[in-house]
Structure formats: structure tokens, C-alpha cells
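My questions concern the predicted model and sequence given below.
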Amino acid sequence: MSVIDGDHWREIYEALRRNKARTFLTAFGVFWGIFMLMVMLASGNGLWNGVSQDFRDGATNSVFIWSQRTSKPYRGLPTGRQIQLDAGDAEALRAQLADAEVVCPRNELGGFRGGNIGTRVAEVLFAKNESPLHESIRINGVTFEVIGTFKPKRPDGGDRNEEAQTIFVPFTTFQSAFHFGDRVGWFALVSKPGVPASSLETKALALLKGRHRIDPDDARALGHYNSEIEYNQITGLFTGIRALVWIVGIGTLAAGVIGVSNIMLVIVRERTSEIGIRRAVGATPLTVMGQIVFEALVLTTLAGYLGLVAGVGVVEAIARAMAANPGEMFRDPEVPFQSALTTLLILVVSGVLAGLIPARRAVKISTVEALRGV
């Protein structure tokens, strides 16, 4: 059997043409399975791109710690004591936490974190064509000079998101201007590459509890947030979603492949006499099996390829339509090239499997019995 044999291709065409309705429905099952797999993969990636956008502006290995009230007495100190972080804590964290790459003390006054101002602040405080650079703004009786403006990193939030409405000033300037002394509102820490943020979080909390005489088991005295934990949870969730997409997609494809196998069994039964003649003139069992498997492979691959092209086409059309107005939770749907290659490989394997059972049925046909019907 030769792949470039024109007679063989005409034979495949005639065999499928004689069963138009069954061929169409069977091919559509494979087409739909691949099409839905492409759409679901792209949808999963679109959701991931939207959700992961929240993490792109900040380090996923960051830890935030702020002060609260104690929930347990400790060394004669009462419950409900308000903890106040200070500049000494920042020095201790920098000196004693070898795992910390960044230790940043922060303070804020209402919505003012303080200088650089967000684009929304400039829009509200200054005329449309007026440059805010080197102009003065007054906050709580204190005058500041504007030395720059900045735009939010997240374009989907527009100029009205929180970052665009923020004013930043140096930390020590803020403390001096608003009489904060050495008080610190909260700390932002980033672990060194390769160091889990959870490890840094544990060590930082232990250090601060020791400095402020807090019971080591008091879980409420210091509030804390670990972005790495949330990031890992979301990553794990989407790993599960991707696995589910493949399971559902392959399951749908399997239904189509079973249909291909069934139609090939019908074709083998209708071509019993033809197969008998081939065997009588010297065709080997391997040749007969190869012919049936190849026919199943052609039907499966052709229908699957059309489903792949249609699925990718629909995904690209949706991506272009969303490009002008990306959403926050769903953006840039795409089918990775590796996933497309994997799908093509699955198609080839499925085509071979679809033809094996009919092929084995064909070689079991007795030559004598087949020729009786001629």
C-alpha cells in the first residue's frame, strides 16, 4: 500500500461516499471534539491571563505585616494591647533577616501615601493642559512640591483606579511632615530568589513578636498577608482546570473516534468480498490491516484538522474583538502552539486506534467464505 497511490485514494473516497450520512456524522463527532478542546483551552488561558494580571504588578514572593491588638496576655502585659511598629523594627528586619531582599516600611494618611502623583490626581487638581511639575499642593496644612507623575501599571483599570489616585512622598519626609515620629504603619517584604515567602513570613513574625513582647502563639497581634500563598492557590486551581479541560476534550474526541471505528466496521462488512479477493491474489494480513487503518486515519485526521482550524479561527476572532477593550477577568484567549501540536498527535493516535478493531476484523475474514459471495 502506497500513500501516493491515486487508486488507493479513490478507493477511500468511494468507500466513504457510499456512506455519506454516516461519514458526515462520524466526521462531525471528531470535528466537534477537537473544536471544543481548542475553545476550552483558549478559555482557560483567557481566564488565567485575566486573573494573573493582578499579580503582574507586584512580586508574588512578597509579605505584608501590620500591627493589631493582642489576643493573649504575655509576661504580665494585658490582652487587647495595641501594637505599634516602628523604625527600629525596620532596622532589625534588615539586619537579622538574611532571606529578605527588600524591607520597606510604609505609612499612609487616608488615601494619601505619599512628591509623585497619580494621573487621576493631576486631572482633578490641575487644568487640562497645565503641567503639575514643580507646582505645589497642600495636604493637611503641609505644602508639597510635585516632582513627577506616573500612570498605573494596569491599563484595564484606567485612570480612576486606586493607584492613579495616590500621592507618594519619601517615607522620612512623610514622618516629619505629619509628625509620625518613628512610627510605621506596615511593612512590605520581598524574599530573595529561591526563598519561599512563607519562610520569610514566619521569621519576620517571630522577630517582631519578640521585639514587642507578644505571645508566640498570638495569631491576632500582627496582621499579615502572603501573596505567594494566594498565587500558588490560584496556580493550583488553574492546573486543575487545564487538566479538566483536557479530560473533557479528549472524552468528547473519544466519542467521535468510537464513531469512526464503528463506521469502519460497517465498511469492512460491506467490503467482505473485496477483501477476500485481495487475500486470494496474495495480499498479506498486514497489507489488509494497513489499508483499513489508513482509511480510518484519513477520516479522523481530516475531520480533526478542520476542527482544529475552526477552533483556532474562532479563538483568534474573539481575541481580536477583545483587544480594543480587554476585560479584567478574561483577556487574551489563546491556544498555545504546544497544545496544538499535542492535539495533532492525539488525532494521529486516535485515527490508528479507530482503525485497529475494524482491521483485525478484516484479517479474520475467511478467504473461502468471502469468495462465496462474489
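Received it, and whenever you're ready, just let me know what you need.

List of residues touching stretch 355-365?
With contact meaning C-beta atoms under 8 Å, 6 or more residues apart in numbering, stretch 355-365 is reached by 260-261, 264-265, 267-268, 272, 275-276, 279, 285, 288-297. Every C-beta, even on glycine, is put in place using the N, C-alpha and C of the backbone.

The stretch 51-200 of the chain: strands as residue ranges?
62-67, 85-86, 100-106, 116-118, 136-139, 142-145, 148-150, 167-168, 183-184, 186-191 (DSSP state E, counting those that start in this stretch).

For Y231, which of these is the nearest?
Among the strands of the stretch 51-200 of the chain, strand 62-67 comes nearest to Y231, with 9.7 Å by C-beta to C-beta.

Lowest mean pLDDT across the strands of the stretch 51-200 of the chain, which one is that?
Note on the strands of the stretch 51-200 of the chain: lowest mean pLDDT is at strand 116-118, with a mean of 64.

And the helices in the stretch 51-200 of the chain, which stretches?
Here the stretch 51-200 of the chain has its helices, by DSSP state H, counting those that start in this stretch, at 87-96, 119-125, 171-177, 197-211.

Relative to G29, which of those helices is closest?
Nearest to G29 among the helices of the stretch 51-200 of the chain is helix 197-211; the distance by C-beta to C-beta comes to 47.6 Å.

Tell me what angle that closest one forms with strand 186-191.
Helix 197-211 runs at 140 degrees relative to strand 186-191, counting by axes from the mean of the first three to the mean of the last three C-alpha atoms, to 10 degrees.

Tell me how many other residues surround the nearest residue to K203 once chain neighbours are set aside.
Leaving out its chain neighbours, the residue that sits closest to K203 by C-beta to C-beta, 6 or more residues apart in numbering is L97, at 5.8 Å. Neighbour count for L97, taken as other C-beta atoms under 10 Å: 18.

what sits against L97?
Contact analysis of L97 by C-beta under 8 Å, 6+ apart lists V103, L189, L200, K203, A204, L207.

is it true that V51 touches I234?
Yes - here V51 reaches I234: they are 6.0 Å apart, a contact under C-beta atoms under 8 Å.

What are the phi and psi values at T79?
Note on T79: backbone dihedrals following degrees, to the nearest 10 are phi -70, psi 150.

quick one, what contacts it?
Counting by C-beta under 8 Å, 6+ apart, T79 touches T70, S71, K72, P73.

buried residues in stretch 229-236?
Judged by neighbour count using 16 or more other C-beta atoms under 10 Å, the buried positions of stretch 229-236 are Y231, I234.

So, low pLDDT: which residues of the stretch 101-250 of the chain?
110-116, 118, 152-163 (pLDDT under 70).

what's the burial count for A90?
17.

scratch that, A359
A count of neighbours around A359, defined by other C-beta under 10 Å, yields 24.

do the same with P73
When neighbours are counted by other C-beta under 10 Å, P73 registers 13.

Can you point out the helix or strand that includes G46?
Using DSSP states H and E, G46 sits in helix 20-56.

now for that helix, which elements pack on it?
In terms of contacts (3 or more C-beta pairs under 8 Å, 6 or more residues apart in numbering; DSSP states H and E), helix 20-56 is packed against helix 227-270, helix 285-323, helix 337-363.

next one: it to chain centre, how far?
15 Å (C-alpha atoms, centre = their mean, to the nearest Å).

Just the buried ones out of the contacts of T79, please.
Among the contacts of T79, those that count as buried by neighbour count (16+ other C-beta under 10 Å) are T70, K72.

now, the most widely separated pair of the contacts of T79?
Maximum distance among those (C-beta to C-beta): 9.4 Å, for S71 and P73.

Any idea which of the helices of the stretch 51-200 of the chain gets closest to T149?
helix 119-125 (5.3 Å).
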